[in-house]
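Trainee: pasting the structure only:
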């Protein structure tokens, strides 16, 4: 279980403090698929960076399976079982897709094994496995490779920042299946996904709405999603306004 | 050959045993062993300054190993090796130099390799430089490669210097006739107080000739690198040079591109980039469970692969 206790995060901007996250408290139970949504600039990406250890909260504590991980770095958290999928995947000159998947798996898995992860995200493995993870790959291809690295890690907690961004509509259905499969794959594992897509929100157990740096709403999908979809054209206004 | 010498040989030529095919192994200034084949002849120059390698026209899928190892501290040598590649031949040449210096005197090897590649011949030339030993004496290598490429010939040059060479001043010159193609990949890493300079000068004289010179380097600690690339387009031709460097610690890197078109149909491009390892690359690998140092090592290894 992942627990955030009174998390705040401030940055200095033009000699004043800007509050990105305000006193956020959350619990992500085991076996849960949680979708985080909300308006742009609301603090969602910062929240998942705080979970992965990329940003350090200015206040509050983070507990993972009862252990206080607030002062732990990225590596330690990764080794404890937290994975983080980048919104904008990183490019590497010279590092191949196979290298990256092997690093993610944490062992020297076979080429066939690595190809399996690529196939899961809808990439024809033999076309990609020996390619460099560089600018020759499109945004959508990089995004799917990024998701494959998280699947290869197979950790207890997987956090994704807008995994659907850059993925074409044709592949979107496949992506939904990827997350559904990942959800059931590891006993006791949880998934937290930042998304704006109704179809991703629809497969979640829980939905959290983040707006203005705070939790504007939180609850089972069946409760939150209909509210978000009300007022066509102004989806979620109710929550978003409450958040400010 | 002792254990140190065997290590040098393995590092520079990937050899665990005596190679098959033609070879000439030079150790501490003398020929250690040599083998010739029906198609590839190796002869010593009459003045003792080096060797000549003659590959018969039409020779296919054969290899020549010409490694040099120096394990005796304080040895300085200049060696001239000439490679004559007959028309239509297709061969792999593996050269390289390994210096083990455990003494306090400088050890230096300056290898001057000249290639005369006839019409339609193909050469893959692999050159590795490596140094080790814990003495105070420097390990110095100044290789010079001069390539004369006949019509429609092809040469792929792959040079690697990853570890242990204190000072290097590398010069590569190529002259291309019509339809010839020259492809160079250079990988270089310097550390400590090492100093490396690499200069390429390519003359694209023939119609339809082309050159692609790619250098990837990493400079760590207080090392210094300078990459100079000159491509002269003297006819309808295409030339591309690329220098991509990662700078770390207190190192210094210079890139000096020079492209000159002496013909209206010469298409020449130069790209150069020097920068630190991107922070998000390290972050990504750390989210996979690597430490910062392990992440850095993976990025550098991949970059120089």
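Mentor: Everything's here; your move. Because the structure is a prediction, the values reported are computed rather than measured.

Trainee: what about the longest helix along chain A, distance to the chain center?
Mentor: As assigned by DSSP state H, the longest helix anywhere in chain A is helix A:169-185. Chain-centre distance of helix A:169-185: 14 Å, with Cα atoms, centre = their mean, to the nearest Å.

Trainee: who touches the following helix or strand past it?
Mentor: On the C-terminal side of helix A:169-185, the closest following helix or strand by DSSP states H and E is strand A:190-194. Under the criterion Cβ atoms under 8 Å, 6 or more residues apart in numbering or on different chains, residues A:1-2, A:28-37, A:44-45, A:48, A:51, A:87, A:156-163, A:179, A:182-183, A:200, A:204 lie in contact with strand A:190-194. For the C-beta atoms, the positions are set from N, CA and C on the backbone; glycine is no exception.

Trainee: hmm, which of these are the buried ones?
Mentor: The neighbour-count test (16 or more other Cβ atoms under 10 Å in any protein chain shown) marks A:1-2, A:28, A:32-37, A:44-45, A:48, A:51, A:87, A:156-163, A:179, A:182-183, A:200, A:204 as buried among the contacts of strand A:190-194.

Trainee: and chain B, which of those residues contact it?
Mentor: Among those, none lies close to chain B by the criterion of Cβ under 8 Å from any Cβ of the partner chain.

Trainee: Mind checking which of these are in strands?
Mentor: Using DSSP state E, the subset of these located in strands is A:2, A:28, A:33-37, A:157-161.

Trainee: any idea which of these is the one closest to chain B?
Mentor: residue A:159 (9.4 Å; Cβ to the nearest Cβ).

Trainee: distance of that closest one from residue A:189?
Mentor: Residue A:159 sits 12 Å away from residue A:189, taking Cβ to Cβ, to the nearest Å as the criterion.

Trainee: who's in contact with residue A:23?
Mentor: Contacts of residue A:23 (Cβ under 8 Å, 6+ apart): A:6-8, A:59-60, A:214.

Trainee: What's opposite the residue found closest to residue B:71 once you drop the neighbours it is linked to in the chain in the beta bridge?
Mentor: Leaving aside its chain neighbours, residue B:71 sits nearest to residue B:100 (4.6 Å; criterion: Cβ to Cβ, 6 or more residues apart in numbering or on different chains). Under the criterion DSSP bridges, residue B:100 forms beta bridges with residue B:132.

Trainee: Give me the neighbour count for residue B:100.
Mentor: Residues lying near residue B:100 (other Cβ atoms under 10 Å in any protein chain shown) number 25.

Trainee: From residue B:187, how far out is it?
Mentor: From residue B:100 over to residue B:187 (counting by Cβ to Cβ), the distance is 22 Å.

Trainee: cool, and residue B:286?
Mentor: With Cβ to Cβ as the criterion, residue B:286 and residue B:187 are 25 Å apart.

Trainee: out of these two, which sits in the more crowded spot?
Mentor: Neighbour count, other Cβ under 10 Å: between residue B:286 and residue B:187, residue B:286 has more, with 23 against 19.

Trainee: three-state assignment of that one?
Mentor: Following DSSP: H, G, I helix; E, B strand; the rest coil, we place residue B:286 in the helix state.

Trainee: so it makes contact with residue A:72?
Mentor: No: between residue B:286 and residue A:72 there is no contact under Cβ atoms under 8 Å: 11.6 Å.

Trainee: And stretch B:34-42, what's buried?
Mentor: Buried-residue list, stretch B:34-42, by 16+ other Cβ under 10 Å: B:35-37, B:39-40, B:42.

Trainee: Over to stretch B:95-112?
Mentor: Neighbour-count burial for stretch B:95-112 [16+ other Cβ under 10 Å]: B:95-101, B:103, B:106-112.

Trainee: any low-confidence regions in chain A?
Mentor: A:169-170, A:231-244 (pLDDT under 70).

Trainee: please redo it, this time with the cut-off set to 50
Mentor: Low-confidence segments of chain A (pLDDT under 50): A:235-236, A:241-244.

Trainee: So which bits of it are right by chain B?
Mentor: A:52, A:54, A:73-75, A:78-79, A:83-84, A:86, A:89-90, A:92-96, A:99, A:103-104, A:106, A:149, A:153.

Trainee: The residue in the stretch 1-150 of chain B that chain A sits nearest to pairs with what?
Mentor: Closest residue of the stretch 1-150 of chain B to chain A, Cβ to the nearest Cβ: residue B:128 (17.8 Å). Partner residues in beta bridges with residue B:128, using DSSP bridges, are residue B:96, residue B:160.

Trainee: That one and residue B:27, how far apart?
Mentor: Counting by Cβ to Cβ, the gap from residue B:128 to residue B:27 is 16 Å.

Trainee: What of residue B:254?
Mentor: 35 Å.

Trainee: Give me the nearest residue to residue A:45, chain neighbours excluded.
Mentor: Nearest residue to residue A:45, sequence neighbours excluded (Cβ to Cβ, 6+ apart): residue A:161, at 5.5 Å.

Trainee: Apart from its chain neighbours, what residue comes closest to the residue nearest the centre of chain A?
Mentor: Closest to where the C-alpha atoms of chain A average out (Cα atoms, centre = their mean) is residue A:160, at 1.4 Å. Sequence neighbours aside, residue A:85 is the residue nearest to residue A:160 in space, at 4.1 Å (criterion: Cβ to Cβ, 6+ apart).

Trainee: where's residue B:208 relative to residue B:260, distance?
Mentor: 18 Å.

Trainee: Looking at the two, which has the bigger crowd around it?
Mentor: residue B:208 (18 against 13).

Trainee: Now do the contacts for that one.
Mentor: Residues near residue B:208 by Cβ under 8 Å, 6+ apart: B:178-179, B:236-237.

Trainee: Widest-spaced pair of these?
Mentor: B:179 and B:236 (10.9 Å; Cβ to Cβ).

Trainee: How about the residues of the stretch 151-300 of chain B by chain A?
Mentor: Within the stretch 151-300 of chain B, the positions near chain A by Cβ under 8 Å from any Cβ are B:216, B:244, B:278, B:280-281, B:283-292, B:298-299.

Trainee: Cross the residues you listed against strands and list the overlap.
Mentor: Among those, the members falling in strands (DSSP E) are B:216, B:244.

Trainee: Can I get the buried part of the residues of the stretch 151-300 of chain B next to chain A as one PyMOL selection?
Mentor: To isolate the buried members of these in PyMOL, using 16+ other Cβ under 10 Å:
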select buried, chain B and resi 216+244+281+283+284+285+286+287+288+289+290+291+298+299
